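Engineer: Take a look and give me a structure for this.
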Amino acid sequence: MKQSSAEGRRVLVTGGSGGIGAELIQVFAEASDHVTFTYRPREDSRRRAFELVEKFCGYRVEGLPLDVGNPESHRQFMQSLTGPIDVVIHNAGVGTKTVERDASTYKGQDEVFFRVNAMGPLWLSADILPRMQEQGRGKILFMSSVDGGITHFPRFRAADGMSKAAVAFLGRQLAATFACTGIDVFTVCPGATDTPMFQASTLQGLSSEQRLALETSLPGGRLIEPREIADLCFYLCREEARILRGAVIDASLGLGVCPAVMK
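Structural biologist: As a prediction, the model looks like this:
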């Protein structure tokens, strides 16, 4: 079992019902932290959230509904969120297939990218930071992407990359604002990670041969596992990671320095 550097921390993870979020819940819960995660107020997300809570029976894990970027849902969530918050990980985000499901027009889809990927973290940070300032400490992790946060890829959806670039800017801005305080801010930019979102947007349309060709063409020769990103986030929340405070971290197995392989 991993040991937390400060047992009993209150950890908030947005978008925790699958992929990287589910791994984040596990790594922090197993370190004796109290984890609150959010899920979209839809039946499928609610079901997965209840399954996660049952899976971690015996740990301090709870789920709360939050439609990230929706003002009324945000207000209700903040009313339900009680007590101090020591760590917040802005993990919730949308990809191409998600926005196509949520909005029928191209313009509407672009708005979903910015509402969920950028505005949601902005609002939540604004409401969580006063609590951290009162405590005199805190850890804030933003989840951006190698596309937008680090580099750019031809033919990828512009609004997706732009919204992720906005997240990386927010991380740098808050890191600068709180540089002389006990609040540490980091931004993690994953590459091609084997999550349900990446499967829906990229992998499901490929044959087994095409998938193998894609994976072997990547600089690391494989997809990133969600647990690898969760372990990185856990490390960033340890005291020895403070030397990296403010960093925008390329967690892409080298894709960020070699984007030309993504055709």
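Engineer: now what about stretch 161-171, what contacts it?
Structural biologist: By CB atoms under 8 Å, 6 or more residues apart in numbering, the surrounding residues in contact with stretch 161-171 are 90, 93, 113-114, 116-118, 121-122, 125, 140, 142-145, 147-150, 152-153, 185-187, 189, 246, 248. C-beta here means a position set from N, CA and C on the backbone, and glycine is covered the same way.
Engineer: Give me the helices and strands touching the lengthiest strand in the chain, please.
Structural biologist: When the chain is parsed with DSSP state E, its longest strand is strand 183-190. If you count contacts as 3 or more CB pairs under 8 Å, 6 or more residues apart in numbering; DSSP states H and E, strand 183-190 packs onto helix 120-135, strand 138-143, helix 158-177, helix 226-236, strand 248-251.
Engineer: winner for burial among the ones you listed?
Structural biologist: strand 138-143 (a mean of 26; mean count of other CB atoms under 10 Å).
Engineer: what inclination does it have with respect to helix 158-177?
Structural biologist: Angle, strand 138-143 to helix 158-177, by axes from the mean of the first three to the mean of the last three CA atoms, to 10 degrees: 160 degrees.
Engineer: could you give me the average pLDDT of strand 138-143?
Structural biologist: Averaged across strand 138-143, the pLDDT comes to 98.
Engineer: packing partners for that strand?
Structural biologist: strand 87-90, helix 120-135, helix 158-177, strand 183-190, helix 226-236.
Engineer: Give the pairing partners of it; include direction for each.
Structural biologist: strand 87-90 (parallel), strand 183-190 (parallel) (DSSP bridges).
Engineer: Export those to CSV and append columns for mean pLDDT and distance to residue 40.
Structural biologist: Below are those laid out as CSV (pLDDT from 0 to 100; distance: least, CB to CB, whole Å):
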stretch, mean pLDDT, distance to residue 40
strand 87-90, 98, 15
strand 183-190, 98, 20
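Engineer: In a markdown table, list these along with mean neighbour count and distance to residue 18.
Structural biologist: Listed next are those as a markdown table, based on neighbours: other CB atoms under 10 Å; distance: least, CB to CB, whole Å:
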| stretch | mean neighbour count | distance to residue 18 |
| --- | --- | --- |
| strand 87-90 | 26 | 15 |
| strand 183-190 | 25 | 15 |
